[in-house]
Each structure stands twice: as C-alpha cells, then as structure tokens.
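Student: Next come a sequence and a model predicted from it.
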Amino acid sequence: MLRTHTCGELRKQDADKQVTLCGWVDKYRDHAGIVFIDLRDRYGKTQIKFNLEDNSDIQQQARSLRHEDVVRVTGDVVLRPEDMVNPKLDSGDIELRVNELEVLNKSLTPPFLIDATEIPNEELRLKNRVVDLRRPELQESMMLRHQCTKIIRDYFHEKDFLDIETPILGPSTPEGARDYLVPSRIHEGCFYALPQSPQIFKQLLMCAGFDRYMQIARCFRDEDLRADRQPEFTQIDVEMTFVEQDDVLSVIDGLIAKMLKELKGIDHPMPLPRLTHAEAMERFGSDKPDMRFEMELTDLGEIASQCGFGVFSKTMESGGRVRALVAPGAAEKYTRKMIDGLTAFVGDYGARGLAFFRVKENGLDSPIAKFFTEEHQLAIIEKMQAQPGDIIFCVADKESVTSAALAALRNRLGKELELYDPKAFSCLWITEFPLLQFDEDANRWVAEHHPFCYPHLDDIELLESDPGKVRAQSYDLVVNGYEAASGSIRIHDPLIQQKIFDLLQVSAEEAEGRFGFLLEGLRYGAPPHGGVALGLDRWVMLLCGYDNIRDVIAFPKTQKASDLLSGAPSRVDEKQVKELHLQLDLEEE
RNA sequence: GGCCCUGUAGCUUAAUUGGUUAGAGUCCCGGACUGUCGAUCCGGAGGUUGCGGGUUCGAGUCCCGUCGGGGUCGCCA
C-alpha cells in the first residue's frame, strides 16, 4: 500500500506515530511560512502542514499545490496546540507534520469545487461526474447504497434465499413497457430484449425447485423518465415457493424493519399496515398515498345532489362524483391568486375546476357559497369536520378525475402546509389491486400488474361474468407516497394462466410463442409461488432524503436517456450496423 | 406527443423590468503574510448573455425557431 492510514482515521492516540497518507487536496491555506492542506479521501479529512523551518524545499513545493491534486505525504502525527483544535473535523485534534511529499498527480483546475456550498447545475455535474462523485453527498449516498444491499443480502441469506442470476439477453414480451432491443448478429432479423424484470425467469426457478430466490437485478424499460424513474434501474427481486400473500409480506416486513432500524435508527410499527386498493382509492384517491399525514378525501355526493350549484348537481346526475378535502389552517395562507394556481394544478389531472370554501365560524365563504343554503353549508362543514380557518377544496367530475386531482392536491398541500416531518418514514401495503383494467382504445382487457398474477380466490368466477371486478392477489409497498415494492402470488396452473391470456386477447398460439417457456415450466409440476420486487434506487433515495433518483446512481442518465459523461447512446460504424443485418433510415443532414 | 421552468465569466449569480463600458463573490494567475481551518490583505486576467433569426433608435431583458438541462401529464404489465 502507498499509505499506512486513511485520511479519516487518525486521532489523539496516534500522536507521535510516523504515517503515510494519500489523498486529494481539498483546501489549502498558504501563510508563506506555513502551509495547511486539508487532505481528503473517502474516509475523511486530515489537516497536513508544511513548515518552512522543517523543510524549505518541501514547503516550497507544497505552496504550489491546488484543489484536487493527488499527493502522498509522510510525516509525524502531532497534537494540535490546544487553542488550534478544530471541532468541525473528526481528526481535528491532530495534524500531520509532513517531511516527505510526493505529487502523485497534478489536477487540472476542476470545473467546480468539491466542497462548494453552492451546488453546480446538474448538467455540469453529469458531464463531470467523476468530480461530482467526490462531493460528500454523493460519497455518502453511494456508501449508504452499499450498506443497503449488504443488509439485504445478509437478511435473505439468513432466511435461506439463494442469489441466482437470470439472463440479461432475453426474449421480447408483448405486454408491458417498451423493450430495449438488442439485434442478433447470428440470427438475422432477430432481437434480444433487455429484461424489464426477471419475472418469468424467477417463476421458472420456483418451478425448478429453488424454493427461495433473491437477486439484485438490473432492469430496463424504454419509457419516458421522471425524477424517480431511470431507463435502467435496480430491483431487489424476490420469489418464494409454497407461500401465501401473508408469507411474502411478512418476509418483506422483516427486511424493512431491519433496514430502517440499522440505517436510520427508526422503529417503524410492525407489521406494516395494510390497506386494500379499494379503500386507498376511496380514502386517498391514490394507490400510493403518502401516509405521513391525514387529510383524507370525503364524499360530498349527497349534499352536491341537493344543492343549487349546477356544476355539482349535474356531475351527480351524470354519474360522476363530488369529493373534497380539508386544508387545515389554509384560509389565511392561500390568497385567491394562489388558489387559482391550485386550480391550474388540478387541471393537469383533468379537473375542469376546483371549488373552494373558506370555513368561517358560522358558514362558508366562497364565490359559490350563495348556491348553498345555510343548512347545506353547515352540513358540509360537519361532514368534512372542518374548523374555522380551514379551506375545503372540492372536485366534481368523473370518479377517476376526482381521485387523481385530489390525490395530487393532497400531496401538494401536505408539503406546502408542512403537515408532516420530511424525515419521517411511513410505509404501508396496498393489497387487492384489480386484476384487469379495460383499455378503451384497444377495446380489450389489460393486466393491471402483469399477466401472471393469481386472481383472488373469491373472485375466480367473476373472471367470466365481470372481469373488471376481479381482485388480484397482488400488493404494493408504498413509502412516503412512492411505490417502493410490488408483487403478487403467481398463477401456477397453466389452465388459469391460459384463461387470463384469453381475457387479454392473447391467443393460445401467441401465448405459446411469447410465453411458451413459462407455460411449459408450469406444466411439469409447478408449485404455488409468489414474490415481490423492491425498487432499490427509490429506497436509497428515500433513505437519503432525496427527491431525485439520479443522486443515488453513480452514472445516471438524463431525462432524454442520454449519459452526458460517456456520450451514450451514440452512432456506430456502418460495419457494425451491417453485421447486425440492420439498415438505418436516417434523414440526411 | 402535450404543458411548465431554465440556460449570463471555469463555478454560483446580479443587472432598477427595453437604455451608457454586463456588476459581484468564488475559482485561476501574481504579490504580501509562520497557526489557518469558508484564512486574510493587495493587484490582475477572465463575457459572441446556449445557438439562429426577428421586432426596435437601442435586446441579457420582448417575439419566433432550435439545442441542452429540469419538472410534470400521457406512458411506465
């Protein structure tokens, strides 16, 4: 080793030792006669000093050191004078009195400073990711990510799970997200697809008797990006044999308890609370409600039907709904102009308007209050359990719009009104998702989760009579309003699997062609099985307290799915294209 | 595909809302300084205001287009 110690480990008790450190020049303070440098590596910082009286040659050389130079220094650990101790530094009791200096690599002037209190814009950071990754925030998020996967691997190992790898080059499957395709050189006109998840392969591992499987698996989806979505991301993929839903959930409960305890010192109530999909939609308008605060939706349909406000009564007549939420103490904080902003905001979710009432001691204050009798006003206040100073926001529309708009409004108000501790964690399971959803455009049923979910046992008969009412044995883990895991009990019976494909209008022939290898697996003694996949990136993001997944990925992609560091994706040689039997149809420049 | 925000020295930003030579901090370069730790002090360099066009006597500022970055709706089994 070129060093005897790291920059983070020297303490009082190391005084008088001769040591060698390597690291980056973090800060330098040149006083002519004495030069101080904070030397940095991933373990911490140690102040090193060059005294003119000790060695004028080395001291002279030290004066030319600049940010990010890489150096190796040897010297004596000395206690700092008592009044020169730096309490901000873990190693602040000591410093290194250098008597040998080797510049391992002189750095160009970095595009931005590592210790900057001002964070450079993200484009620049991504282009210069190597420098960016030296920033303490990213160093910490990478370390936390490692701790996280370490805990996960240990946990599943202790519970007899096997880590088995599945193919990256697989078949393209028709349902679901858009695939990233890889053309085959050997098979003309054929393509591999990168996995959207190892779903089918892990089911086959269950069929093969591996009983308990886990993998930290990279997944790829060629869809548009979001703050919490990257085209390639990492799942903690889990599958178990001879289990029911409760078994899967409690294994994950144990993992979450361990992660929150060991990484954040949090004792989350266990088992994690559960809510059916139907109840979540009714109470929060969302299948991923942020449970750090209350603010539930309330149905005002009864009053809306009777009132004199045409928008409300007509919505009810046409089979829509009028639902509302209470923004506690918002009456003073939200001006008319700000409420107009909220109206535009819910417009993004399809709501054509946002009715609001300021709650007073003896009634409601609103441009539309005149359409409501005193009796109705009091009934609304009673029903909403509103207090003077609150604002009641209502959306009247078809049910799906009231849900989407009010759920989004709830999240926004919760944040703006500071209704929760941003450092808190609140997890819950959402269960019993609908198995199918009717796609109006395609005029057919599509799988809500994926086509391998086992229907709820009580609903099997509905598959024929009323497919939209069939609940799946599926579940999502929601953390602070983010979908942090998702899974289901799978179909292990090829006949039921075929029935689902029929409903999805996937013909037997097509199913055989696309999923034949799964169906075949199910035919040779497939055991009941089920599993779940956790979004690792999102978990690390939440554990770090970030609202952006890129800060927990070493080399992330931009919203347009390019890597500003490597330049991917990029054009390739015509020769490579030809070898793959492809022809590019590009516009001439 | 839609909507919104954004782009000014290497970096973080200001520019009195269309008005003189685009200002500051930091970084960088030079000088001073033997106990700093956001070192301090003095001096210097550093700008095609992303790019292209338009309106105007005059554009960093307004308009159109375009490129990059971000947020979001659709999309994401």
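Tutor: All right, it came through fine.

Student: Return the nearest residue of chain A with respect to RNA strand B.
Tutor: A:G33 (2.4 Å; Cβ to the nearest atom of the strand). For every residue, glycine as well, the C-beta is placed using N, CA and C.

Student: give me phi/psi at that residue?
Tutor: Phi and psi for A:G33, reported as degrees, to the nearest 10, are phi -80, psi -30.

Student: Could you give the number of residues near it?
Tutor: A:G33 is flanked by 10 other residues according to other Cβ atoms under 10 Å.

Student: so it touches A:L52, yeah?
Tutor: Yes: counting by Cβ atoms under 8 Å, A:G33 touches A:L52, with 4.7 Å between them.

Student: pLDDT weak spots in the stretch 1-150 of chain A?
Tutor: Along the stretch 1-150 of chain A, the parts satisfying pLDDT under 70 run over A:116.

Student: just the helices in it please.
Tutor: Applying DSSP state H, counting those that start in this stretch to the stretch 1-150 of chain A gives helices spanning A:56-62, A:122-127, A:129-132, A:136-158.

Student: In TSV: those, plus distance to RNA strand B and mean neighbour count.
Tutor: Formatted as TSV, these follow (distance: least, Cβ to the nearest atom of the strand, whole Å; neighbours: other Cβ atoms under 10 Å):
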stretch	distance to RNA strand B	mean neighbour count
helix A:56-62	9	16
helix A:122-127	4	16
helix A:129-132	10	17
helix A:136-158	13	16
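
Student: Can you add distance to A:F210 and give those helices back as JSON lines?
Tutor: Formatted as JSON lines, these follow (distance: least, Cβ to Cβ, whole Å):
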{"stretch": "helix A:56-62", "distance to A:F210": "59"}
{"stretch": "helix A:122-127", "distance to A:F210": "39"}
{"stretch": "helix A:129-132", "distance to A:F210": "38"}
{"stretch": "helix A:136-158", "distance to A:F210": "13"}
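
Student: Of the ones you listed, which is nearest A:W24?
Tutor: For those, distance to A:W24 was read as Cβ to Cβ. The smallest value, 10.3 Å, belongs to helix A:129-132.

Student: so which helix or strand takes in A:A257?
Tutor: Using DSSP states H and E, A:A257 maps to helix A:245-264.

Student: Tell me the buried residues in that helix?
Tutor: A:245, A:248-249, A:251-253, A:255-257, A:259-260, A:263 (16 or more other Cβ atoms under 10 Å).

Student: Now the element after it, going C-ward?
Tutor: Next along the chain after helix A:245-264, taking DSSP H and E as the criterion, comes strand A:274-276.

Student: residues making contact with the next helix or strand after that next one?
Tutor: Using DSSP H and E, the next helix or strand after strand A:274-276 towards the C-terminus is helix A:277-284. Residues outside helix A:277-284 that contact it (Cβ atoms under 8 Å, 6 or more residues apart in numbering): A:275, A:286-287, A:289, A:296-297, A:403, A:407, A:410, A:430-434, A:471.

Student: Please apply the same query to stretch A:8-16.
Tutor: Stretch A:8-16 is contacted from outside by A:5, A:19, A:41-46, A:76-79, A:90-91, A:93-94, A:96, using Cβ under 8 Å, 6+ apart.

Student: Check the offset of it from the chain's centre.
Tutor: 40 Å (Cα atoms, centre = their mean, to the nearest Å).

Student: Now the element after the strand or helix carrying A:W445, going C-ward?
Tutor: Element membership of A:W445 [criterion: DSSP H and E] is strand A:444-447. From strand A:444-447 onward toward the C-terminus, using DSSP H and E, the following helix or strand is helix A:462-465.

Student: Give me the secondary structure label for the residue nearest to A:A484 when sequence neighbours are not counted.
Tutor: Spatial nearest neighbour of A:A484, excluding adjacent residues (Cβ to Cβ, 6 or more residues apart in numbering): A:L477 at 5.0 Å. For A:L477, the secondary structure call by DSSP: H, G, I helix; E, B strand; the rest coil comes out as strand.

Student: where does chain A dip in pLDDT?
Tutor: In chain A (pLDDT under 70), the answer is A:116, A:587-589.

Student: Any idea what the residue lying closest to A:P195 once chain neighbours are set aside is bridged to?
Tutor: Spatial nearest neighbour of A:P195, chain neighbours left out: A:G170 (5.4 Å); criterion: Cβ to Cβ, 6+ apart. Beta-bridge partners recorded for A:G170 (DSSP bridges): A:A193.

Student: check contacts around A:G170.
Tutor: So A:G170 contacts A:192-195, A:201 (Cβ under 8 Å, 6+ apart).

Student: make it 7 Å
Tutor: Each residue near A:G170 by Cβ atoms under 7 Å, 6 or more residues apart in numbering is listed here: A:192-193, A:195.

Student: And it, how far from A:A193?
Tutor: Using Cβ to Cβ, to the nearest Å, we find A:G170 at a distance of 6 Å from A:A193.
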